[in-house]
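A.B. asks: Build me a model from this:
(chains A, B and C)
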Amino acid sequence: EFRKFMDDQPFLLQLAEWSLRGMAQVIMANNPISGGLILVALVMESPWQALVGTLGLLVSTLSAIVIGMDSVEVSMGLHGLNGMLVSLLIGIFSSAGDWYWWLLLPVCIAAATCTFVSGGLQPVLDLWDLPVSVFPFNTVIVLYLSCTGSANPYFPHHVPVPPGGTQGNSTQLNASQVLQGVLLGVGQIYACGELWPSVLILVAVIIFSPLLCTHAILGSGAGMLAGLSVASQHSFLYSGLCGFNGALGCMAIGGLYFSLSWKTHFLSIASALLSSYGDLALRNLLGTVGLPACSWAATLTVSLTLLLTARRNLSTYRIPTSQIT
Amino acid sequence: EFRKFMDDQPFLLQLAEWSLRGMAQVIMANNPISGGLILVALVMESPWQALVGTLGLLVSTLSAIVIGMDSVEVSMGLHGLNGMLVSLLIGIFSSAGDWYWWLLLPVCIAAATCTFVSGGLQPVLDLWDLPVSVFPFNTVIVLYLSCTGSANPYFPHHVPVPPGGTQGNSTQLNASQVLQGVLLGVGQIYACGELWPSVLILVAVIIFSPLLCTHAILGSGAGMLAGLSVASQHSFLYSGLCGFNGALGCMAIGGLYFSLSWKTHFLSIASALLSSYGDLALRNLLGTVGLPACSWAATLTVSLTLLLTARRNLSTYRIPTSQIT
Amino acid sequence: EFRKFMDDQPFLLQLAEWSLRGMAQVIMANNPISGGLILVALVMESPWQALVGTLGLLVSTLSAIVIGMDSVEVSMGLHGLNGMLVSLLIGIFSSAGDWYWWLLLPVCIAAATCTFVSGGLQPVLDLWDLPVSVFPFNTVIVLYLSCTGSANPYFPHHVPVPPGGTQGNSTQLNASQVLQGVLLGVGQIYACGELWPSVLILVAVIIFSPLLCTHAILGSGAGMLAGLSVASQHSFLYSGLCGFNGALGCMAIGGLYFSLSWKTHFLSIASALLSSYGDLALRNLLGTVGLPACSWAATLTVSLTLLLTARRNLSTYRIPTSQIT
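C.D. replies: Alright, predicted model coming up:
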């Protein structure tokens, strides 16, 4: 009935609803209220980042409409999340400072390219009933950063530091900072590195589904364990960067693509660990050529898990991609 | 009727016709006269390069016949273009100088490997009605250059310089050299860096289809714009290296795989821009491990565009891969 | 009848048989006696390596049973070989010395991950009737080494040296060491670098099939030729490292996936050469980021060859993946 009510509204209001849903889809919640809370969290963290992210979201949603993508998918916000993520990351990596307006140019191009890549990947991944997920975002951000390079005179950016650096962890591990790192791991999905915005994002997830929220924290904790087990640098643990791939991997399996049972719960923890270790590996590997690992590890692990369960007894718990709300 | 006439000729004459077609297929023209003009352009540029390229073309066409590839594809020259491109690039990157006869050994192996890789990729790409295109060339040249390494005592080669280098562009941009760079971009498809051979190659394209030629220059211009927008080094712009991926991406969409309309025309320009930015990204990325980006960007972008349009309204303009002449 | 006899035995005895088969499956022999001989060879080389390899084999076989993989495949040992290879390589690359018990932790995780990856790759590769082969091993070992990095305080490891180094080969080539290198090439499939264990492994192959053994030595010789032709370092040739990809590529085509004929025999030699050159290329390429090439080259070449022959006249010699014993 809400969908029917919205269909009668003017286009701009509909677009606003789709965009808020798209904002929440990053964390697998299909709910405009969650999206609104996340927007507040982004503004709290940095108004410039919120602006950049919203612009990317709008550009990729609009280009999906122009190209003629499936209108149900558009109204669920599925064509906005990649554009939003790529814009947020372009903003975070830019070393030109906030309110550098020229940055909006690559943001628009990258967001439109995400929709382009989405449309191209869909027929390939459909063969195995896999979702396009955030493959376009991960591809486009790597290409953008390679294209501009770190010393570009127009669009300079920071070079990510791989977590397995050789400088010693001389100080003792701080337990409260580790716990905070687990919470920040959920915020880092939106490139948020501060506590209160991360808490607000968690609240946005609870509103949509407490189960999803539990898996987010579990996954972020699994990522922390993985980081500790290979002696990552403390700054990497405290910032939450080691947790967000685990959180994404755990949420997708435990709260989105499968109905809950003990088996799928264990599978979600396995997926979280694999995502986290994979992320550490890709960070070190891509770090040698000056690139970030983004959420490649979680995206690949979730795709692998969906493929793994395709023909086995776990497939009874699988929710088909087309029925995910 | 020309096909029927050729069927009665002796094998060597047939092979010559197939080879001339193969020479023109690199630039998406299926016409032996265009192929002859291109051969003249190559000889003008460097007789040694023309010899190396022709040898690679013959070896890969003959190995396609031995393996038992589809005879219609062979007679269209589709199994020669990868071998020719890989040989031209082996010749260009070799730092042993012209007339270093030992180089013909890897040229033959690489050209035969191209046919091998083509045959392997075909059943994979056929699932989505994608052409094999120049994937084999791009794969084999990267493997050849990795295999020998820059300091090899038998087969030494130059290391490509990524375009995003840090040395400043101290001098002013020269407008006439930029315009010349747009023309050279078409020649660089055959690794030609001089003006008159490039013009001759353009004439070869006009003979086959003026539409294709327009898109070649448009695409090369889009590549130049992309290079300017990220402050590439001037030598990279002037040499035409920034234009050839754009030209390929634009020609494939605007003149080969789609019938012309305003929509496909815009799509071809989008494809040219995406190919060019992708090429800049891959050049910087592969440059960190000492490898060139060749035409990976254009090949991937064209494949993505074909996938993108597969199920949408643009698919009415699509010409099926099997009907492309 | 042997299969029926085994079905009545207690589980532990069955598991032992499956594991011995798994040990031999690495070298494409499905025979518990060959597996036993290989275990003896590994103990001769290093008891610690034999322990690590056996643990990985057991963990990945057991996790395949838990996940619910096809029981026929499990009883053929096909779900043990990836776990065994990844464990052997983790052991070889570890620089913490023998009997470093903490290493068993990553060995168990990596072996279980191999089964996970196998299950995920199967539905993808099944589309083209390709075997999963050792793709999981190659993926997981690269991720493990990237994840820990060379200077990890808990799990340090050696960094592989690419074969195309610039230091000159000042000494003369030693013919007897080259011949020994060909034999060692077969042993290097199990990361064995000593003569007698390699001979024992060859004996294990002869017992299963003399044809397979012939192709193993032919392939290793082809790899040696490839290494000589690009002036690899002598230590690389003498250690047999240049031969094992050729041996794997030659055995798979000449003795496993095709029935014998002159055509398939030539195809197996082409596959051996391509595997060897591909391995040299990938070693230099992955070496620039500090990673080994493992058996990527042979695995990719064999997959390509299977794809190449799929629809051509050679397909009459192809033995379907499901009927390989």
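A.B. asks: Would you mark the buried spots in stretch A:14-22?
C.D. replies: For stretch A:14-22, the neighbour count (16 or more other CB atoms under 10 Å in any protein chain shown) marks A:15-22 as buried. To be clear about C-beta, it is placed using only N, CA and C from the backbone, and glycine gets the same treatment.
A.B. asks: Contacts made by it with the rest, please.
C.D. replies: Outside of stretch A:14-22, the residues within contact range by CB atoms under 8 Å, 6 or more residues apart in numbering or on different chains are A:6-7, A:9, A:30-33, A:35-36, A:39, A:54, A:57-58, A:61-62, A:74-81, A:84.
A.B. asks: Which ones among those residues map onto helices?
C.D. replies: A:6-7, A:32-33, A:35-36, A:39, A:54, A:57-58, A:61-62, A:74-75, A:81, A:84 (DSSP state H).
A.B. asks: right, and out of those residues, which lies closest to chain C?
C.D. replies: Nearest to chain C out of the ones in helices among the contacts of stretch A:14-22 is residue A:81 (CB to the nearest CB; 23.7 Å).
A.B. asks: right, and that closest one touches residue A:29 too?
C.D. replies: No. The criterion here is CB atoms under 8 Å, and residue A:81 misses it with residue A:29 at 10.8 Å.
A.B. asks: circling back: filter the contacts of stretch A:14-22 down to just the buried residues.
C.D. replies: A:30-32, A:35, A:39, A:54, A:57-58, A:61-62, A:74-81, A:84.
A.B. asks: give me the subset of those residues touching chain B.
C.D. replies: The subset of the buried ones among the contacts of stretch A:14-22 within reach of chain B, by CB under 8 Å from any CB of the partner chain, is empty.
A.B. asks: in the stretch 201-325 of chain A, which spans are helices?
C.D. replies: A:210-229, A:234-238, A:244-251, A:262-287, A:296-308 (DSSP state H, counting those that start in this stretch).
A.B. asks: Which among these is found nearest to residue C:143?
C.D. replies: Residue C:143 sits nearest to helix A:262-287 of all the helices of the stretch 201-325 of chain A, at 4.2 Å, using CB to CB.
A.B. asks: So is the closest one next to chain B?
C.D. replies: No. Helix A:262-287 stays clear of chain B (CB under 8 Å from any CB), getting no nearer than 9.9 Å.
A.B. asks: Enumerate the residues of chain A near chain B.
C.D. replies: A:67-69, A:109, A:113, A:116-117, A:119-124, A:127, A:142-144, A:146-149, A:151-155, A:289-291.
A.B. asks: will you turn the buried residues of stretch A:14-22 into a markdown table that also has secondary structure?
C.D. replies: Below are those laid out as a markdown table (DSSP: H, G, I helix; E, B strand; the rest coil):
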| residue | secondary structure |
| --- | --- |
| A:15 | helix |
| A:16 | helix |
| A:17 | helix |
| A:18 | helix |
| A:19 | helix |
| A:20 | helix |
| A:21 | helix |
| A:22 | helix |
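A.B. asks: Now flag whichever of those residues is closest to chain C.
C.D. replies: Using CB to the nearest CB, the buried residues of stretch A:14-22 come closest to chain C at residue A:22, 28.4 Å.
A.B. asks: Please name the nearest non-neighbouring residue to that closest one.
C.D. replies: residue A:80 (2.6 Å; CB to CB, 6 or more residues apart in numbering or on different chains).
A.B. asks: same deal with residue A:36?
C.D. replies: Using CB to CB, 6+ apart, the nearest residue to residue A:36 is residue A:20, at 5.6 Å.
A.B. asks: How about residue A:206?
C.D. replies: residue A:213 (4.6 Å).
A.B. asks: just checking, that neighbour touches residue A:205?
C.D. replies: Yes. Using CB under 8 Å, residue A:213 is in contact with residue A:205, at 4.4 Å.
A.B. asks: Pick out whichever of those two has more residues nearby.
C.D. replies: The residue with more neighbours, out of residue A:213 and residue A:205, is residue A:205; 29 against 22, by other CB atoms under 10 Å in any protein chain shown.
A.B. asks: can you pull the pLDDT of the more buried one?
C.D. replies: On the pLDDT scale, residue A:205 is placed at 94.
A.B. asks: Next up, the contacts around it.
C.D. replies: Here residue A:205 is in contact with A:27, A:29, A:34, A:186, A:212-213, A:216 (CB under 8 Å, 6+ apart).
A.B. asks: what's the answer for residue A:109, then?
C.D. replies: Residues near residue A:109 by CB under 8 Å, 6+ apart: residue B:277.
A.B. asks: Send over the host helix or strand of it as PDB, restricted to the C-alpha atoms.
C.D. replies: Element membership for residue A:109 (DSSP states H and E) is helix A:104-126. Output of helix A:104-126 as PDB, limited to C-alpha atoms (Å, rounded to 0.1, in the frame of the first residue of the first chain):
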ATOM      1  CA  LEU A 104      32.200  16.800  -8.300                       C
ATOM      2  CA  LEU A 105      33.100  16.200 -12.000                       C
ATOM      3  CA  PRO A 106      34.800  12.800 -11.500                       C
ATOM      4  CA  VAL A 107      32.100  12.000  -8.900                       C
ATOM      5  CA  CYS A 108      29.400  12.400 -11.600                       C
ATOM      6  CA  ILE A 109      31.400  10.400 -14.200                       C
ATOM      7  CA  ALA A 110      32.200   7.600 -11.800                       C
ATOM      8  CA  ALA A 111      28.600   7.300 -10.500                       C
ATOM      9  CA  ALA A 112      27.300   7.100 -14.100                       C
ATOM     10  CA  THR A 113      29.900   4.500 -14.900                       C
ATOM     11  CA  CYS A 114      28.800   2.400 -12.000                       C
ATOM     12  CA  THR A 115      25.300   2.100 -13.600                       C
ATOM     13  CA  PHE A 116      27.000   1.300 -16.900                       C
ATOM     14  CA  VAL A 117      29.000  -1.500 -15.300                       C
ATOM     15  CA  SER A 118      26.000  -2.800 -13.300                       C
ATOM     16  CA  GLY A 119      24.000  -3.200 -16.500                       C
ATOM     17  CA  GLY A 120      26.900  -5.100 -18.200                       C
ATOM     18  CA  LEU A 121      27.500  -7.400 -15.300                       C
ATOM     19  CA  GLN A 122      23.900  -8.300 -14.800                       C
ATOM     20  CA  PRO A 123      23.500 -10.800 -17.700                       C
ATOM     21  CA  VAL A 124      26.800 -12.500 -16.800                       C
ATOM     22  CA  LEU A 125      25.900 -13.000 -13.100                       C
ATOM     23  CA  ASP A 126      22.300 -13.900 -13.800                       C
END
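A.B. asks: With respect to residue C:230, which of the helices of the stretch 201-325 of chain A lies nearest?
C.D. replies: Of these, nearest to residue C:230 by CB to CB is helix A:262-287, at 25.9 Å.
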